[in-house]
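Peer 1: Predicted model and sequence below, questions to follow.
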Amino acid sequence: MGWEFMLVGCLLGFLVIVKWVLRSVNCWCYERVLGDKRYDLPPGDLGWPFIGNMWSFLRAFKSSNPESFTSSLVHRFGQTGLYKVHMFGNPSIIVTTADACRKVLTDDECFKPGWPSATINLIGKNSFVGISDEDHKWLRKLTAAPVNGHEALSMYLKYIEDNVIAGLEKWADMGEIEFLTELRKLTFRIIMYIFLSSESEQVMEALEREYTTLNYGVRAMAINLPGFAYYNALKARKRLVAVLQDIVTERRERRKKDPPTAKKDMMDALMDAKDENGKILTDEEIIDVLVMYLNAGHESSGHTTMWATLFLQKHPDVFKKAKAEQEEIVRNRPPGQKGLTLKEVRQMEYLSNVIDETLRVITFSLTVFREAKKDVNVCGYTIPKGWKVLVWFRTVHYDPITYPDPKKFDPSRWDGFTPKAGHFLPFGGGSRLCPGNDLAKLEISIFLHHFLLNYELEQRNPASPVMYLPHTRPKDNCLGKIRRVSQHNVQKEEN
Ligand code: HEM
């Protein structure tokens, strides 16, 4: 009997040693090589070889409490705001406080984009996540103003409004729909219009579906084997590129026969672009910019619009107040005016609070990636050159000091409240601030204006579980019916 106990003891001892060795591998590989600098790293733990901390990240984000990922770091290592981890294949520092996030986002001397190579493979090496600072500045200038400027927004307003009205009409007749899926199609149609003037219904539907698959791969483990999300996403990217290549080729042919004159879309702007050295964009570069913009420009707005609608529906007091504001806007409209104006959208103060609160609670981009260009001191800790930095927006938006009772959806918290710099980052910050922020808010406002005045949402499964990856959404994609409400007097005036 005695030797059996000894054997079990030896086995247990051996397992403990193996565990210790495995848990130390990342530390030896990434921390020891830093020499004395390693003592200035923030606290944390680099997890297991290869998978690092991905297992705990995925476990938390596949549970009903994604906050458990960062709260376990706080629990284990204290409220330091910076933690060393190993995620998405790289030694990284997670930055969770507003001040540290702002410092990272605004310091281009010390930080550059640091998206994992797996993400760059999906979004494209010629997109904004893969190009040099110089090319980024040039392409951003070229593409941002036509998306977001006052002139651009006034130009797109009518197109957006016409499509919102038509969409709601159609959905009300369709019976049960996946509300999120339909909203994604709607926001995709809008961004396609801005970039490509439009495309056939079939091409649009096919492209949008590929984007859904692509996005599942962006936050997954980069395992390029059949059956894994990343493998499917790479295949989806291939199909997207093929469709966009056809569109680019067709446009080049058309421009040869019929050069564009007054009305140019973003595709024309990209084809005409020339930098100061006379460099023009290749098909491959144009396609990567398109892949990125078409994705960034519809997924986020579609999800946010759905959540804002759901929150309104679930908070009747908020719904009532928001609806009253929209009725007031229509009542004050000069006779003969058809449709919304930008001025009216800017008067929607309460609705703007509803949207900001939705952006905060949902935090569509839970994190963005940077890389330290040199050793940098942030809040007393060293971020070593070459390490990735995960700017963790979710913790900033759930900080109970800035946002008491942070999980509560409460638009009234925005009454007379302007968060300090860095405390509200739904669109990021610094030189990479989202160029579509005003367009997104415009789309959401127009949608909610018409929804509040004329419709309601009846969810099939109000208690549907919520998925947090790749983006926060109800598991059933918000299955339900859009119902017309009895036409209000205001509506008669509107017509
Ligand atoms: C609610 C809607 C949206 C949210 C929450 C959102 C969020 C963000 C965030 C957080 C970033 C920063 C990425 C970083 O720092 O690395 C970003 C960048 C970007 N967004 Fe948006 N976005 C939205 C809508 C849009 C729209 C409508 C467009 C297209 C017109 C767009 C195009 C882009 C592009 C191209 C970038 C990269 C900018 C750069 O690297 O210079 N986004 N977005």
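Peer 2: Noted; the coordinates are in hand.
Peer 1: which residues of this protein fall in strands?
Peer 2: 82-87, 90-95, 111-113, 176-178, 367-372, 376-378, 381-383, 388-392, 455-459, 466-467, 473-474, 479-484 (DSSP state E).
Peer 1: Mind putting those strands into TSV with distance to the ligand and mean pLDDT?
Peer 2: For the C-beta atoms, the positions are set from N, CA and C on the backbone; glycine is no exception. As requested, the strands of the chain are arranged in TSV below (distance: least, CB to the nearest ligand atom, whole Å; pLDDT from 0 to 100):
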stretch	distance to the ligand	mean pLDDT
strand 82-87	16	97
strand 90-95	13	97
strand 111-113	6	96
strand 176-178	19	97
strand 367-372	4	96
strand 376-378	16	97
strand 381-383	17	97
strand 388-392	7	98
strand 455-459	19	97
strand 466-467	17	96
strand 473-474	14	96
strand 479-484	21	97
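Peer 1: In JSON lines: these, plus mean neighbour count.
Peer 2: As requested, these are arranged in JSON lines below (neighbours: other CB atoms under 10 Å):
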{"stretch": "strand 82-87", "mean neighbour count": "24"}
{"stretch": "strand 90-95", "mean neighbour count": "25"}
{"stretch": "strand 111-113", "mean neighbour count": "18"}
{"stretch": "strand 176-178", "mean neighbour count": "16"}
{"stretch": "strand 367-372", "mean neighbour count": "21"}
{"stretch": "strand 376-378", "mean neighbour count": "18"}
{"stretch": "strand 381-383", "mean neighbour count": "23"}
{"stretch": "strand 388-392", "mean neighbour count": "25"}
{"stretch": "strand 455-459", "mean neighbour count": "16"}
{"stretch": "strand 466-467", "mean neighbour count": "14"}
{"stretch": "strand 473-474", "mean neighbour count": "20"}
{"stretch": "strand 479-484", "mean neighbour count": "18"}
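Peer 1: Can you give me the distance of the residue nearest the centre of the chain to residue 27?
Peer 2: Central residue of the chain (CA atoms, centre = their mean): residue 365, 3.8 Å from the mean position. In this view, residue 365 and residue 27 are 30 Å apart by CB to CB, to the nearest Å.
Peer 1: Near the ligand, which residues of the stretch 101-250 of the chain are found?
Peer 2: 128, 140, 147 (CB under 6 Å from any ligand atom).
Peer 1: Tell me the one among those nearest to residue 78.
Peer 2: Set against residue 78, the nearest of these by CB to CB is residue 128 (35.5 Å).
Peer 1: what residues does the stretch 351-495 of the chain put near the ligand?
Peer 2: Counting by CB under 6 Å from any ligand atom, the stretch 351-495 of the chain sits next to the ligand at 364-365, 368, 426-428, 432, 434-436, 439-440.
Peer 1: ok, 5 Å please
Peer 2: With CB under 5 Å from any ligand atom as the criterion, the stretch 351-495 of the chain meets the ligand at residues 364-365, 368, 426-428, 432, 434, 436, 439-440.
Peer 1: farthest-separated two in those residues?
Peer 2: Every pair in those was compared (CB to CB); the two farthest apart turn out to be 368 and 439, at 19.0 Å.
Peer 1: For the ligand, what's its nearest residue on the chain.
Peer 2: residue 436 (2.2 Å; CB to the nearest ligand atom).
Peer 1: burial count for residue 232?
Peer 2: 16 (other CB atoms under 10 Å).
Peer 1: ditto for residue 299
Peer 2: 23.
Peer 1: Setting the sequence-adjacent residues aside, check what's closest to it.
Peer 2: residue 215 (6.1 Å; CB to CB, 6 or more residues apart in numbering).
Peer 1: re earlier: now render the strands of the chain as TSV, adding distance to residue 161.
Peer 2: Output for these, formatted as TSV (distance: least, CB to CB, whole Å):
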stretch	distance to residue 161
strand 82-87	42
strand 90-95	39
strand 111-113	35
strand 176-178	21
strand 367-372	31
strand 376-378	44
strand 381-383	46
strand 388-392	35
strand 455-459	15
strand 466-467	30
strand 473-474	25
strand 479-484	17
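Peer 1: Many thanks, have a good one.
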